[in-house]
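Enquirer: quick one: sequence and predicted model below, then my questions.
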2 protein chains.
Amino acid sequence: MGRARHPLAPLLDPEGVAVIGASESPGKYGQILLRTLIEQGYRGAIHAVNPRGGSLLGLPFLRSLEEVQGPLDVALVVRPAEECPAIVRELARRGVPFAIVYAAGFAETGRQGEELQRALVLAARSGPTRLVGPNGMNVFSAPAKLNLSGIVPFPEGGLGFLSASGNLGYAFAQEAATTGRVGFSRFVSVGNQADLAIDEYLDFLREDPATRAVLVYLEGFVKGRAPAFLDVLARTAAEKPVLVLRGGRTRTGQRTARSHTAALAPGPEALRAALEQAGAVLLDRADEALATAEAFLASPLPHGGRAVLVGEGGGHATLSSDTAAEAGLELPPLPDSLLEEIRPHLPAYAAILRNPLEMGGISETDPRIYEKVLAPLFSWPDCDQIVLFGGYALYDVRTAAFLDERRTATGKPVLLHDLYAQEDRPAFERLAERRLPVYASADVAVRAAASLARGSRARSRAAEAAALATPGSLDETPALPVGLAELVEQGRTSPERALTEDDAMRLVAHFGVPTLPSVLASSAADAIRAAEGLGYPVVLKVHSAAVLHKTDSGGVRLDLRRPEEVRDAFTTIVSRHAGVAAGVRVTPFRGGGLEVLIGSRRDPELGPLLLVGAGGILAEAMGAVAMRRLPCSTGERQRMVEESGVSRLLGRVRGGPAPDPEGILGALDGLSRLVAAVPAVDEVEVNPLRCAADGCVALDARVIFAR
Amino acid sequence: MGRARHPLAPLLDPEGVAVIGASESPGKYGQILLRTLIEQGYRGAIHAVNPRGGSLLGLPFLRSLEEVQGPLDVALVVRPAEECPAIVRELARRGVPFAIVYAAGFAETGRQGEELQRALVLAARSGPTRLVGPNGMNVFSAPAKLNLSGIVPFPEGGLGFLSASGNLGYAFAQEAATTGRVGFSRFVSVGNQADLAIDEYLDFLREDPATRAVLVYLEGFVKGRAPAFLDVLARTAAEKPVLVLRGGRTRTGQRTARSHTAALAPGPEALRAALEQAGAVLLDRADEALATAEAFLASPLPHGGRAVLVGEGGGHATLSSDTAAEAGLELPPLPDSLLEEIRPHLPAYAAILRNPLEMGGISETDPRIYEKVLAPLFSWPDCDQIVLFGGYALYDVRTAAFLDERRTATGKPVLLHDLYAQEDRPAFERLAERRLPVYASADVAVRAAASLARGSRARSRAAEAAALATPGSLDETPALPVGLAELVEQGRTSPERALTEDDAMRLVAHFGVPTLPSVLASSAADAIRAAEGLGYPVVLKVHSAAVLHKTDSGGVRLDLRRPEEVRDAFTTIVSRHAGVAAGVRVTPFRGGGLEVLIGSRRDPELGPLLLVGAGGILAEAMGAVAMRRLPCSTGERQRMVEESGVSRLLGRVRGGPAPDPEGILGALDGLSRLVAAVPAVDEVEVNPLRCAADGCVALDARVIFAR
């Protein structure tokens, strides 16, 4: 092998397992879990421990850990919370590498539980023991036939699953066992992550050859572990699909999640952006998670985001194309040349032909129609995958083989929707043998196809993110020039923990964000002289680190065109800021163009984020600010300008040619370097960055340091 | 009875049915449909017609219509499209009131099919015969045991279903038959609506006592029928829930729908607004349609939009609250007093308590927990309905009775999600006996609850819309004063079919939209004089009916503060519009506030629509314009200001107190009256309507007449 064994290998491929709290009573977890362990056919040693003795399925219980003979890698502790620290201390003393603590009643329940959890961790750390949970539920590992779940037989397959919720994990396993559609390679309900954190399990799945795709139910992070998770996520997603179902994707849900796992979560939007940046395929419905995973396990990743929908029924065609449009799946219209090839096989009254393609019911009488119609579609370069809708459960062996063969040869996924998918029909067995997914809902089939399309983009984003996360991948950030370093130090230690606007502008200018010349005036006459030097019209702004919202405080006067207007503005501004104004700054006035906001803020969990959105009242109106975790690639910066709607708005700027987004990208790059070079910065914002055909220029900037 | 029989009664409760094209061959529709008719136990006379004779299930075929004895209300024509006109002509000659034409190959397939369809309609109109279809599929009527669907037994119940798609209708019926969850009162696949239109069937369902809720799959309208449908919809939805699943809710889907049913559909956003205004509950997933219908059939309409989620599993709690937030269902946090009542029944480690409420797994061992926890929640006035999630299939007879009794007593719906809902377990039978809906997906349960909440709002909107649609409900619109009538006539007959801005402002001012004084200047000196009379700063605008986009053409200069600026602006504007400018208009300049767009445009299908949205570049940025069909109620106007985001933006206007939305509502009322009084108007737009703390004022207006 040569490759070192993963540190979690003894947990998921253990040579011996002890159940502490084994029970003979049906309904008790100490009985249920032991039973599933035995019945699934675990191949290592099983040590069942109960001080009162007893036996289950012919396995006699040991009275204490003292009696354990043979290998012991994992101890499953099925005892009430209060007893767990003492048990774990004993396991640590004996050098047992892993303990799974099943009970709830720890950090998720408040202060007392937090203390109990701390005691548990201290107990583990008194030896080499690593903890799973507490407040977890199921662990399953197919290669080891290790089943601690209560479900027998546990469906085996290629999906690695990590769940932040015991019940949800159980529900998914139950669903998989009932439908027989998806099987698992490894499965861990991670519980409170008092010790082992979700990123460590994910790192195991990354290396695990038995795991072909990963599903994570995520509610947040143990304090400080978000960056580690995102880095492992990127490295994993660069190799195999990682589907993430988030609990807490709304503020409401986040509040619930916080009571549930005591985990910390960044704002839902920031977390969404960071997960996608790291290559996760996000799911937003629990009831589609396994259906989507099935598509990923069965299918190659499509080459792009375009699909062809083919099937029966005008209503299904219409609704499927609606669903595709909403899910972001492109449906390129079939060109005439292709239609000419297909048309002769369809009835004359077939009416929906461009994509979706509706076969006019002919598949009900002619099963060969699939080959005739689909062969040219598989060969069409604009088709990245195919969704068959409205089927009548009439697939023979030859059709299944044809679909599978074409899928393999072209690398294009095939998903099916069938009217009878809820029933047992032989046609579906033929498809199942070929791992061709069949759905009872056309919505789900189309949405799974859209997820596959996102999966292909996600993989390249993961590769970008993984490359940036590699140590040494970033250029060294040169030190600040002495003068700027002093400014920063002054600002950092000032009562406001902020730079004046002027200093903020100097700092962003140093990192390549274009700014306008400006003059600090301490009298009206000064200001008029400055205006004449800069050229009318001008802007006057109060100069003070103490005033954060200058417009609201009446500290800004725009578009001043004459000396009298400048004089009047100066007097007003100074009188409104008596005692805090260190003068008034005069700059040229630039109207028109589009006002954009760019910035960075430090999220307590995710670290520094880069932001872009429309500026001014547009920001309120759109409510859409695109975010990325730093460092972020050039490609991500381009995507965030798109995503924020700023690209679209640039095309709508009146009076002259559309501004070029390059200026915004350059400014974003500058802010990224600023944040890397000045780690004390908590928040930096350029708002507005005025973008016009003659370029971008920062009209205002703020820099705030961490308290 | 006293009440007249509905004109469609003989179609859905016929005394005799003929199958033209009856067949003995399994797999042929002429056999399948006749068989289902017989097997469902249709109580009237059945006449099977086939020129070659034969029999099915003991029923001998007649050789021709000549041989029919006894009542004949409905003829089902199962013959190829080309033969149908002749058959229908014969039916018309015999005075058969209804013919159902099953075949496809008519208007949905192009020109030739359109002609065939015209021939079919002409044939029917040669007598009293009304046509169902063509290109329809299934008709079912529970009271008559009339089953023309191919599915036996067809599930009977309280849902009336109209489908614009044959296959989709069949798929739903099949799903209902398989799951046994929903039954139908009446069911019509409406096909191409060559004669009978979907509004006529809906009107029957409105009156039908067997129908307790209605589901419509809609793709568009036969030309000119949209208003009739919306009016019947409002009258129906005021009495019973009407769920509408739309095909073509995206532009992509709309293109597909157009090929499918040859129906005309307004823009997806306008149609969405009009349907909701008329009281429809819109569905956006086909795979949730029956699940949602089940909730409506089983439940009273909740009193409001607030729900309490109660159940097992932190992950389910989190995800359910996410789904609730996304679906617009409010989750009010439980107050301390209520918690004190409930807390003692839950384990100490139960952590999610405020709403969702998670019971810490106790329902697995104590089935009485439901009564203890739910009784106070049913009594809580802030709870409008209850969703139980994460159940373990442990409901006994007493729990089911309790839920049903409390639901009836309080009028609060109860929906359940259970981990084992996909399996047959006795617990579910107990719930089914009480009509308590159980879902395998918590997402679907919560979304069905959100639909119920929308159902309660929908009913009151339907009542408002129905009242406005009643003839005579609107005040008489007084005639225009002579001067304005002349202006309108000039504009209507002008080459531009438009008013000048000045005339447009006069017209909107007449209907109560506030405007500013203005002066038309024909020389720079005139303009300066006007500016001095009005007071600086001023705006100069080109005065010309030929220039529709004055800003783009350089025809507007804002914020002019001195005579020199006015002179310069005048010269520039005139030189840029040589030959088309009829002068330059001078008005006071108003800066600040929020720019709002209000207007009306005539949709070819829906008639005049009222519009409101943010003005200027905000309109581009938000992309959100709220629309309503006219006439619309005061309540709808308030809702559209909310929906457009304008209310929210009003709160963000800087420099002074927030503007009052009353001004916008008044202006919307004015435009509504204008459109009613001047039917020649095709489009009217006030953009911007400047809204500030001192009121709203129109700064620009356009009026365009129909071509």
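Expert: Happy to help now that I have it.

Enquirer: what does the helix or strand containing residue A:502 contact?
Expert: If you go by DSSP states H and E, residue A:502 is part of helix A:501-510. Identification of contacts with helix A:501-510 by Cβ atoms under 8 Å, 6 or more residues apart in numbering or on different chains yields A:480-481, A:484, A:487-488, A:491, A:498-499, A:515, A:518, A:520, A:541, A:543, A:550, A:585, A:670-671, A:674, A:678, A:684, A:686, A:698, A:700-703. Heads up, the C-betas are built off the backbone N, CA and C, glycines and all.

Enquirer: again, only this time at 6 Å
Expert: The contact list for helix A:501-510 (Cβ atoms under 6 Å, 6 or more residues apart in numbering or on different chains) reads A:484, A:487, A:515, A:686, A:698, A:701-703.

Enquirer: same deal with stretch A:104-113?
Expert: Residues outside stretch A:104-113 that contact it (Cβ under 6 Å, 6+ apart): A:81, A:114, A:116-117, A:134-135, A:192, A:261-262, B:349, B:351.

Enquirer: residues of stretch A:366-375 that come out buried?
Expert: Neighbour counts over stretch A:366-375 (16 or more other Cβ atoms under 10 Å in any protein chain shown) mark A:367, A:369-370, A:372-374 as buried.

Enquirer: residues from the stretch 201-350 of chain A in reach of chain B?
Expert: Within the stretch 201-350 of chain A, the residues that sit near chain B (Cβ under 6 Å from any Cβ of the partner chain) are A:247-250, A:252-253, A:256-257, A:259-260, A:285-287, A:313-315, A:317-319, A:321-322, A:325, A:349.

Enquirer: quick one: contacts for the nearest residue to residue A:267 once chain neighbours are set aside?
Expert: Spatial nearest neighbour of residue A:267, chain neighbours left out: residue A:603 (7.3 Å); criterion: Cβ to Cβ, 6 or more residues apart in numbering or on different chains. Residue A:603 is in contact with A:266, A:270, A:609, counting by Cβ under 6 Å, 6+ apart.

Enquirer: quick check, central residue of chain A?
Expert: residue A:275 (2.2 Å; Cα atoms, centre = their mean).

Enquirer: could you check which helix or strand contains it?
Expert: Using DSSP H and E, residue A:275 falls within helix A:268-277.

Enquirer: same check on residue A:602?
Expert: Residue A:602 belongs to strand A:594-603 when assigned by DSSP H and E.

Enquirer: what's downstream of that strand, the next helix or strand?
Expert: strand A:607-614.

Enquirer: quick one: distance of that next one to the chain centre.
Expert: Centroid separation for strand A:607-614 versus its chain: 16 Å, with Cα atoms, centre = their mean, to the nearest Å.

Enquirer: need the residues that contact the longest strand anywhere in chain A.
Expert: Across chain A, the longest stretch assigned as strand under DSSP state E is strand A:681-692. Residues outside strand A:681-692 that contact it (Cβ under 6 Å, 6+ apart): A:508, A:590, A:592-602, A:615, A:659, A:667, A:675, A:696-706.

Enquirer: ok, stretch A:457-474 next?
Expert: For stretch A:457-474, using Cβ under 6 Å, 6+ apart, the contacting residues are A:231, A:234-235, A:237-238, A:277-279, A:281, A:631, A:633, A:635.

Enquirer: repeat for stretch A:528-547
Expert: By Cβ under 6 Å, 6+ apart, stretch A:528-547 touches A:496, A:498, A:500, A:519-521, A:550, A:553, A:555-561, A:563, A:566, A:569, A:573, A:577, A:580-589.
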